[in-house]
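Colleague: Give me coordinates for this.
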Amino acid sequence: MKAIVVGDNLLPSEKILSRCGPLREAGYEFQAFDWLAPDRNELNRRSLNVERYGPEAEPPPVGLAEAVRDAEILLTHLSPVPRAVVEAGGKLKIIGVTRAGWQHIAVDTATQRGIPVVHIVGRNANAVAEFTLGMILCEMRNIARAHEAMRGGAWYNRMVDPNRCFELGGRTVGLVGFGAVGQVLARQLSGFEVRLLVYDPYVPEATIRAAGGEAVPLEALLRQSDVVSLHARLYPETEGLIGQRELALMKPTAYLVNTARAGLIDQAALVEALQQRRIAGAALDVFWEEPLPSDSALLCLDNMTMTSHVAGTTLDALYYSAELVVEAVMGYLYQGKTDLLINPEVLSNG
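Modeller: Take a look at the predicted model:
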């Protein structure tokens, strides 16, 4: 029995293989590929291209389509799995993705051929939640600005606006999206004794209440929150979710944080709101073009904290994701069930 592993610069195939013990014990032999880019910036560019335009937007590793012909399992992280690869896999029993996003997989083709595709939900939830909390504090308390000023020889002891600098404790935090990351962040915020507002029409109100939150409409959340943090998925219906109208609803003392997807925010509207001090500030880990262009208007703002799409990148999260996908694959192959299927209709079709 044969399994194929496709790694990349971020999660090399050897690291995925090191977590494949249960499959080896079950008798599987492995063939490894790596979807490599010259550097991390190019990897980000290719990954974003696939995320936006699908698995046909970038080529997979050379030889993958040929290798998959006699494979039963295909595991991948960021590498695209286009239609041709899926169609070549005449013996494929399952495709496993070591992350939540699956835009790089030709899922429709897999479904047509009766091949289940499993993904990992919440693999880096703790990492992103921790980072988000750090970004909130960093922007509210001028941590990055003070650090950068000292590196430049200045002693920074003023605020961007002394009338808009508050402590996080006891404030109102609004979470837009309450999946794995939002729920972990809610637990972490409880120590600050914040009032927690949540907007997520797909999560039961009872789940939000159990986490100490209050389910509210988006407009109410924007009007009342001192910090608005985005944790929604990017779909056509959520693209531009925070635009000029929504930013105008926010308090002039409020902060906007995004560690989810850049497309949730209208970039031009955000830049204008920050330039005109309509909100106190923003903290972003994701951008509309990555790497950020050197002429970006965001770089000219003094009420902005930025990081280079690293919120979910920890060794713990990456290696854990490989373990989780192996568990999901084993569960499906040997128990006939998993709650991590992207295309559950293959079960009924089978």
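
Colleague: Look at Leu256 and give its secondary structure.
Modeller: In three-state terms, and counting by DSSP: H, G, I helix; E, B strand; the rest coil, Leu256 is strand.

Colleague: chain center to stretch 266-276: distance?
Modeller: The chain centre lies 23 Å from the centre of stretch 266-276; the measure is CA atoms, centre = their mean, to the nearest Å.

Colleague: mean confidence score for that stretch?
Modeller: For stretch 266-276, mean pLDDT is 98.

Colleague: Likewise for stretch 34-48?
Modeller: Average pLDDT, stretch 34-48: 92.

Colleague: And for it, what's in contact with it?
Modeller: 6-10, 12-13, 58, 60-61, 76, 78-80, 104, 290-291, 309 (CB atoms under 8 Å, 6 or more residues apart in numbering). To be clear about C-beta, it is placed using only N, CA and C from the backbone, and glycine gets the same treatment.

Colleague: 10 Å instead, please
Modeller: Residues outside stretch 34-48 that contact it (CB atoms under 10 Å, 6 or more residues apart in numbering) are 5-14, 16, 50, 57-61, 64, 76-80, 101, 103-104, 262, 286-291, 308-310, 313.

Colleague: likewise stretch 326-341?
Modeller: Stretch 326-341 has contacts (CB under 10 Å, 6+ apart) with 3, 16, 19-26, 28, 72-75, 93-98, 100, 116-121, 324-325, 344, 347, 350.

Colleague: Just the element for the one residue sitting closest to the centre of the chain, please.
Modeller: For the chain, Ala260 is the residue whose C-alpha lies nearest the centre (CA atoms, centre = their mean; 5.2 Å). Assigned by DSSP states H and E, Ala260 belongs to no helix or strand.

Colleague: Could you find the closest non-adjacent residue to it?
Modeller: Of all residues not flanking Ala260 in the chain, Leu230 sits nearest, at 4.8 Å (CB to CB, 6 or more residues apart in numbering).

Colleague: circling back to that earlier point, got the confidence number for the residue nearest to the centre of the chain?
Modeller: With respect to pLDDT, Ala260 has a value of 96.

Colleague: Got the phi and psi for it?
Modeller: phi -100, psi -90 (degrees, to the nearest 10).

Colleague: Can you name the next helix or strand after the longest helix seen in the chain?
Modeller: For the chain, the helix with the greatest residue count under DSSP state H is helix 315-335. Sequence-wise, the next helix or strand downstream of helix 315-335 (DSSP H and E) is helix 345-349.

Colleague: Show me what that next one packs onto, helices and strands only.
Modeller: Using 3 or more CB pairs under 10 Å, 6 or more residues apart in numbering; DSSP states H and E as the contact definition, the elements that helix 345-349 packs against are helix 107-112.

Colleague: got a list of contacts for the helix it packs on?
Modeller: By CB under 10 Å, 6+ apart, the residues outside helix 107-112 that reach it are 54-55, 74, 81-87, 89, 92, 94-95, 97, 102, 106, 115-117, 119, 342-346, 349.

Colleague: buried sites along it?
Modeller: Using 16 or more other CB atoms under 10 Å as the test for burial, helix 107-112 gives 107, 109-111.

Colleague: Quick one: list the elements packing against the very next helix or strand once past it.
Modeller: Toward the C-terminus, helix 107-112 is succeeded by strand 117-118 as the next helix or strand (DSSP H and E). Counting contacts by 3+ CB pairs under 10 Å, 6+ apart, strand 117-118 packs against strand 94-97, helix 107-112, helix 315-335.

Colleague: tell me how far the second one is from the chain's mean position?
Modeller: So the one you mean is helix 107-112. Offset of helix 107-112 from its chain centre (CA atoms, centre = their mean): 23 Å.

Colleague: In this structure Val310 contacts Asp285, no?
Modeller: Yes: counting by CB atoms under 10 Å, Val310 does reach Asp285; the two are 6.7 Å apart.

Colleague: what sits in contact with each of these two?
Modeller: Residues touching both Val310 and Asp285 by CB under 10 Å, 6+ apart: 131, 259.

Colleague: Direction-wise, compare the helix or strand containing Thr132 with helix 315-335 and give the angle.
Modeller: Assigned by DSSP H and E, Thr132 falls within helix 125-140. If you take axes from the mean of the first three to the mean of the last three CA atoms, to 10 degrees, helix 125-140 sits at 150 degrees to helix 315-335.
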